[in-house]
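K.L.:
quick one, fold the following:
(one chain, ligands or ions: 1)
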Amino acid sequence: MDRAAFLFFFTLISILLDVYFYQIFKKYKLKKWFLPTSYIYWSITSVTFLNFLFYVFDIDLGYFFKTLFFNLVIGNFISKVVALPFILIDDFRRFFYWIYPKKMKNQNNLIPRSKFLSISASLAYGLPLTSLTYGIISNNVYDYRIKRRVIKLDNLPSAFDGIRICHISDIHVGSLRNRLAVKGGIDMINNEKSDIIFFTGDLVNNRSDELKGWGDDLSKIKAPLGVYSVLGNHDYGEYTSWKSENEKNINFKNLIMGQKEFGWKLLMNENDNVIVDGQKLNIVGVENWASSRFQQYGELDKAYSGLNNEDFKILMTHNPSHWNAQVTNNYRDIDLTLSGHTHGLQYGIDIGKFRVSPVRLAYKQWADLYKYNNQFIYVNRGFGFMGYPGRVGILPEITILELKKS
Ligand SMILES: [Fe+2]
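P.N.:
This is a model prediction of the structure:
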């Protein structure tokens, strides 16, 4: 389904949901302010419709209104989907009484709504909407947190016992507005004085020119053994339109050049190594690996070439699904994999060892450290943000991994 058809059906379903939910909303009969609140109610529906029209007629609202509209439309939709089961259950109940009126306690023609289910539906609608709004106004997107983990590895060469790795991911520079806060985040990275830094993709949202003005700050990210990077799905310019294929290619070349200028070593289906005391740490970097329905750039075979089974290896791959798809089956000698991509959906609960997010439905490994046999994967929750300009529960992350020989 192309984007326009998807947006059409999304808009249609969303408006139908608004109409369906109005029966609950009008039940409240808040006499004094019923009229204005119903205006507010239908104005959100209008935004959903306008959002579709702006897309069809290619009207650019600018970043602020585009983001505002997008979040109103998505927030309203998600909240209604969450609340929908309560209203459906109630309507099935009413339908049952309509067919078998004798089963009803009060024999009259009206089948009232269940107060309990109406209140439950209202709460189920209000909770996501309130929390999503809180996630934006709280400015959580710049509340960087350092996550420290120790990983014990059998195959780690003794020269690297105790090495401190800084792992960052998903900067999405085009979303970042608070320069002072981002500078603070970069200072946090550098203050850790880690031995090596890995960036696992999605430097931009769509275009390499998002990097303009950020060169000085991003060039400051430095470590003695180097800064290594890979590309994420957003780095290929595939989620925006281009005047020509040539323009798209130039954009991609500029993104690669940009990373070189920052002093980062971008690995595109290739490997590199760092040597300490004559011992080797192999770094394998794949381009964006995608499940079959998307453009496939990641080639682990190619990235791996020239390496042997025994050597210690760290793989950088943007999408954590790659781990189960190829690494834990066919590349059992890859000791540690570093990924990002999920952002932890920027929504969930993440307290101590307890973490839950709807993104788990799509990604088995979606945040933090996972182990399978002797292999590990760490999934970073992202430094930046994308689409939804907020975070609820899942905060932006700078990871410090200390590798120990076991
Ligand atoms: Fe991302």
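
K.L.:
which other residues reach stretch 233-252?
P.N.:
Residues outside stretch 233-252 that contact it (C-beta atoms under 8 Å, 6 or more residues apart in numbering) are 172, 201-209, 255, 288, 290, 294-295, 297, 318-319, 341, 386. Backbone N, C-alpha and C define where each C-beta goes, glycine included.

K.L.:
which ones among those also lie next to the ion?
P.N.:
Contacts with the ion within those, as defined by C-beta under 5 Å from the ion: Asp202.

K.L.:
keep only those of the contacts of stretch 233-252 that are in helices.
P.N.:
Of those, the ones assigned to helices by DSSP state H are Leu255.

K.L.:
filter the contacts of stretch 233-252 down to the buried ones, ChimeraX style.
P.N.:
A single ChimeraX command selects the buried members of these (16 or more other C-beta atoms under 10 Å):
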select :172,201,202,203,204,205,206,207,208,255,288,290,297,318,319,341,386
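
K.L.:
Phe65: how many residues sit nearby?
P.N.:
The number of residues packed near Phe65 is 11, by other C-beta atoms under 10 Å.

K.L.:
and it, what element?
P.N.:
Taking DSSP states H and E as the definition, one finds Phe65 inside helix 63-99.

K.L.:
show me what that helix packs onto, helices and strands only.
P.N.:
Where contact means 3 or more C-beta pairs under 8 Å, 6 or more residues apart in numbering; DSSP states H and E, helix 63-99 is packed against helix 3-27, helix 34-56, helix 115-137.

K.L.:
what's in contact with the longest one?
P.N.:
What it means is helix 3-27. Contacts of helix 3-27 (C-beta under 8 Å, 6+ apart): 1, 34, 38, 41-42, 44-45, 48-49, 51-52, 55-56, 73, 76-77, 80-81, 83-84, 87, 113, 118, 121-122, 125.

K.L.:
buried sites along it?
P.N.:
Judged by neighbour count (16+ other C-beta under 10 Å), helix 3-27 contains these buried residues: 10-11, 14, 17-18, 21, 24-25.

K.L.:
out of these, which one sits closest to the ion?
P.N.:
The shortest approach to the ion among the buried residues of helix 3-27 belongs to Phe10, at 21.4 Å (C-beta to the ion).

K.L.:
can you give me the neighbour number for the residue nearest to Phe312 when sequence neighbours are not counted?
P.N.:
Leaving aside its sequence neighbours, Phe312 sits nearest to Asn155 (C-beta to C-beta, 6 or more residues apart in numbering; 5.0 Å). Per other C-beta under 10 Å, the neighbour tally for Asn155 reads 14.

K.L.:
do you know how far the one residue sitting closest to the centre of the chain is from Trp264?
P.N.:
Nearest to the geometric centre of the chain sits His343, at 3.2 Å (C-alpha atoms, centre = their mean). To Trp264, His343 is 21 Å away according to C-beta to C-beta, to the nearest Å.
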